[in-house]
Structures are given as structure tokens and as C-alpha cells.
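Trainee: okay, here's the prediction I keep looking at, along with the sequence it came from:
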Amino acid sequence: MDLQQQRVAQSRADRIAAFRSELAELEREQGLTLTLEQRAHLDAHLQRVLTDLSRQFGADISEPGKRISWGMRLVSLLGGVAFFFALFLFLQRIWGGLPSVVQVGVLMAVPLGLLAATSVCASRSVASYYIALLGAATVMAVVLGLSTLGRILNTVPSPQALLVWGAFAVLIAYAFGLRLLLGAGLVLLCVWTAAILVTCEGFFWLSFFDRIKYLLPGAAVLYAVPTLSRGRNPYDFDFVFRFCGAGVGLIALLVLSKSADLCCPGPSTRMVQTLYQLAGLALCSGIVWHGVRLGRNGLVNMGATGFVAFLFACLHGWWWDWMPKYLFFLLLGLVALGLLTVFRRLRQRSTEGREA
Amino acid sequence: MTRPLVLIAAAVVLVANSWAVFSTLQNRGSAPGGTLELTEREVRLEAVSDDSTALLLGLRWEVETAEDDREYGAAAWLNAAKLQELGFDCSVPADHPHAREHYQSRPAVLLYLVLEFDGETSKRAKPSRASRLFAVDAGRDAQKLRARYPDSARYAICRGVIKPFLKDRNHRENRPLPQPRLAGRIQDLFPQELFVPSTLVGTLQPFRHAPDRSEEKGEQNLTPRYAVTLSWGSRYEPWLSGARVMSAATQTK
């Protein structure tokens, strides 16, 4: 069974529950009255659909069932973390006595074993949540394994580890349809590109924090991937690409608006900071607009949060040093009120447009 | 589609781990970085949890600093001329209004460092320094450094990170310096901790839970109880090739 099918089935079961609840409300308000025959026919049909969804895809079709499922997920998360720690601490306990060859073997075998377990569970129609849990444990094992290998071999840290972790997380995400791992993998790959660009400039790769502008090309590519792939991405991955690209890009711009890392010699630090702040505000507005167009609340919320952060950075840069603090916060409050008025007008206009 | 992706993911893990092992084997094929026998004064057993049987040795190294540079951790030999030689952009004069921003925004660079063991620098240094291992030079070319320091039993070459900075304030007296100047500090030395292989764990294990006497006697009075042989290979990454318990007769201050 495909994980995407599980998600679609659960989504339909949720929609049916919402429909039944609204139908009951409409009948109470006498906005819609079905004949007994129509009602019986509808109930029988919905029950049949729900039974099929539950039998074929393991969807939760009742509220108590759903609550118990959440409890089971929580318990399995705690159990999974406990098992992981048990394995980790056991290995730590015997580690010193193991020959190097065995240590290397264990560091390779654990992630591969977890990968095989994830694959077997996916092929046996285990619920998507458990697959996600196993997938996350597999990626964690790869990260820990390679770091530990570097440690026992006394190697100099290499940026290529980021490539391995990122590529592995993305592969696992595509193999099992896991959005969270896709996000983690994409961010790692973005950091890897920044690290490589820093190395090309002749600096140590871990100094990429001092050259945070190098995160921007990777962020732009991530945001553009869904447009370039023209919807060929599976499982709602387009949103993850855009969300990660926007998130990394905004964080990089926010840091740049404070550090004013010069892209070219000439302009003063203050001017560069202002330019980055204005670019950040423009980008946030663009993300909100794009999010509204795509109907993606996640993008809208990220753009709005970013907008507030950049606005604060702008006002802080312009006013904080010379203005009395009480006046600064008063003006900040007035700006917030002004924004609320603008948002209210926008909402009103969009409601009027819909009614028209 | 799932199966090929899973196979590729497994291949990524296998290739990455195998590459790390292959590189290490290649590194350990020869020791152009030098071989030093260091004592407990230079390599200390690091505190690890009681549940762990793994042993880690922390490398204790020093750098000679000028008296007024102690608070900055600036190496005395890392002056503007040396930084320029190492490839840092020192084009902005130290007294330029934008010098501080310029040098603060310079990222660190990975270079080769020369570690001198029990040499002239440690004899010149104050007796409060326990370690006799001093970073004395740096360069972009390891072979040139080896030609300059040919004694591989006294000088080791390893990898480290150097960052320039502008020394423009006297922090102790909290006042700007009349003559700012460019300096450099060794930000990191790789690796800072050395993993003890299982073949040497038996020798060093008894000292793991023994009390650290340096607290009571002062670092400089520490009498080393063990010594380890450390070699730096063709990639200038180190490995432990031997360990021995120091008898009373061989213990040196």
C-alpha cells in the first residue's frame, strides 16, 4: 500500500466526519431536510465508504479511534526513542573493547539494518507514522554513524559529510514519501553548497556562518525546483521545497541585514544593512503573495513572520540608537496598528470580491 | 520506484563509510607529519560517562604569546607579515576606520601547523604551562614546512584553523590602543581529541578513574604516568600507534 494512498484515505475519512457534523447542524437549523429514504441511503453509503477506507488503508473512522491512534503514536515515539537510546548506550558500553574493524562494521550495519526494517515495514502496509519514525531513526543512525567514524579515525571534519547526510535523507524521503526528512535533507544540501562555496573562496568550510550569503543560491534553487519540475514531484513535496527555500533564504537575509556582509566593496555598512532589510521585506511580501496564490497557509505564515522580523530589524536599525526607548516601542505599536488596518482592508476586499 | 531508491541510499552509506576507511588507510601508510612520544602533560584522558568504555585523549597544546596578547590568545609569530604570507588579505591598514569590520568579517582558513615538542619555545615559556607541545609555525604547503623543520621526532605537522583579527583595545584597562595592529589566533587544531584504539585501551584504562592530580599540585608539577606515540600521516591526520606506562625512573617533569 502506498503511503500517499493512506494519507488520501485518512483525509477523506476526516472530510466525511466533518460533512456528517455539518449535515446534522443544517438539519437542526432546517436549512436542509432530507427524506428518511434519502437519509438512510446517504448513511449507508457513507458507512460503506468508511468501512472500505478503514479496511483497505487503516484510516481512523471514529473520534475515539482517532484519539487512541494518537495515544499509540505517542507511545511508539517514546518506545522508539527508548530503543534507540538502549542501542546507543549498549554500543557505548562495549565500544572500547571492540577491534576497529568491528567498530566500522557496526557503524555501517546499524543504519543499513534500520533502512532494511523501514523498507520491509513499508512493503507490509504499516501505517505511515511508523514508517516516518523508522525513516527518521535511519537518517539519525547515518548521521551518528559517519560522525563517530570520523571520530574514531581522527579525521579532519569534511563538508562532504553534509552531502552524504542530505542526499541520504532526500533519497529516504522520496522512497517512502516522508516530508519531514525531505525538509531536513534539503536544508543539509543547502548548507553543503554554502560550505563548498566558502571552500572555493579559500576559507575553512565551517566558517560558512561568516559567509552566510552563500546560503542564498541554494535557497533560490530550492524555491525554484517545483516550478522547474512542473508538478512532477510526488506527495506534496513541492510545498516542502518552497518552504525550505523560503526559510533558508529569509534566515540568511536576516543575518546579513545585521552582519552586512559586503557583496561588493564601496557602499557603507549601514547602507548594505538597509539594502538587505529592504530586500528581506520585499521577499517576505513576495512569499505571502505566492502563498495566497497557491493557497498554502504555511508559506503565508512564514512570509508574514519574516515580514514582522525584517520590519523590526529595519526600525531597530533606523531608530533604536537615537530615539528614547519608550518612543521606539510606542512607534512599534503604532506600526502594528497600521498593519492591522491594512490587513483588515485586504480581508474586506477579498470577501467582497468573493461575494461579487 | 521505492526499491531502486532504497538501494541507492544503501550504496550512499556504504560508499561514504568505505571512502572514510580507505582515506584513513592511505593516511596511515606513511608518517610524513612526524611521530612524537607525548606524555600525560600533552595528552590527557578526557572525561567520558561511566557507561562508556571508549577512551579519548585530549591534545593539550600551547602557543607562545606576547605578554599583552595573552587575553587575545594571539600567537606571537602570527603578525601581519606572516598572515600575508599565509594568504590572508591584509590590504586594509590597521589604522583604517573600516579595519575592524574588514578583519572581523574574514573567515578562518584551514592550514598546516607545526607543533614543536619540548623545544626552545617550551623552554622560553613560563613554567605555568604544563604542556611542552607548542604551535610554532604555519603554512599552506606541508612539504615546505617539513623542509624547514626536518626533525620529525621533534616537529609534527598537523591541520589547524587560523583566523586574523585586529588588536585595537586593551581589554584589561578597557581603553583603545594608540597603535592598532593585525594579529592572528589559532582557532582550532584537528582533531582536538584522539580516539584510543582497543589495542591500547588496556594500557590507559587504569588511569581513567584515577584522580587528576594536577588540581592539587598545579599543572606544571604534574608527573606524567603514561606516554603515547602519536604519528601524523600523509593527510596530516594523527593516529595512536603505542602507549606505555611510565615507571618512576622514566617519569620526567
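Mentor: Received the coordinates, thanks. Just so we're clear, the structure is a prediction, and the values are computed from it rather than from any experiment.
Trainee: retrieve the pLDDT associated with B:Glu216.
Mentor: Note on B:Glu216: pLDDT of 54.
Trainee: would you map the helices across the stretch 51-200 of chain B?
Mentor: Remark: helices assigned in the stretch 51-200 of chain B by DSSP state H, counting those that start in this stretch are B:80-85, B:99-104, B:120-124, B:142-148, B:198-204.
Trainee: again but with chain A, I slipped
Mentor: Secondary structure of chain A (DSSP state H): helices at A:3-28, A:36-57, A:63-95, A:100-123, A:128-152, A:160-176, A:179-200, A:215-229, A:237-259, A:269-294, A:297-319, A:325-355.
Trainee: in JSON lines: these, plus distance to chain B and mean neighbour count.
Mentor: Any C-beta I mention is one placed from the backbone N, CA and C, and that applies to glycine too. JSON lines is the format used below for those (distance: least, Cβ to the nearest Cβ, whole Å; neighbours: other Cβ atoms under 10 Å in any protein chain shown):
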{"stretch": "helix A:3-28", "distance to chain B": "10", "mean neighbour count": "15"}
{"stretch": "helix A:36-57", "distance to chain B": "17", "mean neighbour count": "13"}
{"stretch": "helix A:63-95", "distance to chain B": "4", "mean neighbour count": "13"}
{"stretch": "helix A:100-123", "distance to chain B": "5", "mean neighbour count": "18"}
{"stretch": "helix A:128-152", "distance to chain B": "5", "mean neighbour count": "21"}
{"stretch": "helix A:160-176", "distance to chain B": "4", "mean neighbour count": "23"}
{"stretch": "helix A:179-200", "distance to chain B": "7", "mean neighbour count": "21"}
{"stretch": "helix A:215-229", "distance to chain B": "14", "mean neighbour count": "18"}
{"stretch": "helix A:237-259", "distance to chain B": "7", "mean neighbour count": "21"}
{"stretch": "helix A:269-294", "distance to chain B": "6", "mean neighbour count": "17"}
{"stretch": "helix A:297-319", "distance to chain B": "16", "mean neighbour count": "17"}
{"stretch": "helix A:325-355", "distance to chain B": "25", "mean neighbour count": "10"}
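Trainee: worst mean pLDDT among the helices of the stretch 51-200 of chain B?
Mentor: Ranked by mean pLDDT, those bottom out at helix B:99-104, which scores a mean of 78.
Trainee: centre of the chain to that helix, how far?
Mentor: The gap between where helix B:99-104 is centred and where its chain is centred comes out at 26 Å by Cα atoms, centre = their mean, to the nearest Å.
Trainee: what does that helix contact?
Mentor: Identification of contacts with helix B:99-104 by Cβ atoms under 8 Å, 6 or more residues apart in numbering or on different chains yields A:Thr269, B:Val92, B:Pro93, B:His96, B:Pro164, B:Phe165, B:Leu166, B:Asp168, B:Pro180, B:Leu182.
Trainee: which residue packs closest to the second one, ignoring adjacent ones?
Mentor: Of all residues not flanking B:Val92 in the chain, B:His102 sits nearest, at 4.5 Å (Cβ to Cβ, 6 or more residues apart in numbering or on different chains).
Trainee: okay, the helices of the stretch 51-200 of chain B in a markdown table with mean neighbour count next?
Mentor: Below are those laid out as a markdown table (neighbours: other Cβ atoms under 10 Å in any protein chain shown):
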| stretch | mean neighbour count |
| --- | --- |
| helix B:80-85 | 16 |
| helix B:99-104 | 18 |
| helix B:120-124 | 13 |
| helix B:142-148 | 15 |
| helix B:198-204 | 17 |
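Trainee: compare those and give me the one nearest A:Phe307.
Mentor: Of all those, helix B:99-104 sits nearest to A:Phe307, with 28.2 Å by Cβ to Cβ.
Trainee: which residues does the residue in the stretch 151-300 of chain A that chain B sits nearest to contact?
Mentor: Using Cβ to the nearest Cβ, A:Ser207 is the residue of the stretch 151-300 of chain A that sits closest to chain B, at 3.3 Å. Contacts for A:Ser207 (Cβ under 8 Å, 6+ apart) come out as A:Val198, B:Pro107, B:Ala108.
Trainee: now the first one, nearest residue through space, not along the chain?
Mentor: If you skip the residues right next to it in sequence, A:Val198 has A:Phe208 as its closest partner in space, 4.5 Å away by Cβ to Cβ, 6+ apart.
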